[in-house]
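In: what follows is a predicted structure for the sequence shown.
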Amino acid sequence: MIVNAVSRALNYLARRSRTEQEIRTYLKDKGHHEAEINQCIEKLKHYQYLDDHRTAREFVAYRERSKPMGRFRLKRELQSRGVTQAIIEEVLAEFDGEKELALARQAIANKNFTSQQKLTRYLLYRGFSYEQAAKIWRDEFARND
């Protein structure tokens, strides 16, 4: 029943913003038919409860504030949530080199790395590029000498 599907989807959305793919998977796992899911998705979009652009922007903004990540990791996480490539590129377009470098510095702010290898591994895991890790190491190493 469509009312039941919409009710479940709204409860699921109450916790945090979700992508269309996350809602589809959730409703399918709960036993709803494809036709019900499609109607539910359309209704949620109509009332602006479901918007992949907004969800992707909110996710990136949240990660910038709480757990700084580079564009590679953000891209992977958005893909795993079912965001389309076009939306990902649009949302990550504002990530210029300076902003990403500032986020990398923020990510290591309270860390004490004893080797370039450890710093590089940490930043690569967080989705930053090797070049950014090398630049930060050079800047930090030069400052400590």
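Out: Great, that's in hand. Computed from a predicted model, the values in this text were never measured in an experiment. Residues are numbered from 1 along each chain as shown.
In: in the protein, what helix or strand scores lowest on average pLDDT?
Out: None of the helices or strands of the chain scores lower by mean pLDDT, DSSP states H and E than helix 130-144, at a mean of 82.
In: can I get it in CSV? Just the C-alpha atoms.
Out: In CSV, the C-alpha atoms belonging to helix 130-144 read as follows (Å, rounded to 0.1, in the frame of the first residue of the first chain):
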residue,chain,number,x,y,z
TYR,A,130,49.6,12.4,-2.6
GLU,A,131,50.6,15.9,-3.8
GLN,A,132,48.6,17.5,-1.0
ALA,A,133,50.2,15.2,1.6
ALA,A,134,53.7,16.0,0.3
LYS,A,135,53.0,19.7,0.4
ILE,A,136,51.8,19.6,3.9
TRP,A,137,54.8,17.5,5.0
ARG,A,138,57.2,20.0,3.4
ASP,A,139,55.4,22.9,5.0
GLU,A,140,55.3,21.2,8.5
PHE,A,141,58.9,19.9,8.2
ALA,A,142,60.2,23.4,7.1
ARG,A,143,58.3,25.0,10.0
ASN,A,144,59.8,22.6,12.5
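In: tell me the helices and strands packed up against that helix.
Out: helix 97-107, helix 116-125 (3 or more C-beta pairs under 8 Å, 6 or more residues apart in numbering; DSSP states H and E). (Each C-beta comes from the backbone N, C-alpha and C, glycine too.)
In: quick check: closest non-adjacent residue to residue 43.
Out: Counting by C-beta to C-beta, 6 or more residues apart in numbering, residue 6 is the residue found nearest to residue 43 once chain neighbours are left out, at 5.8 Å.
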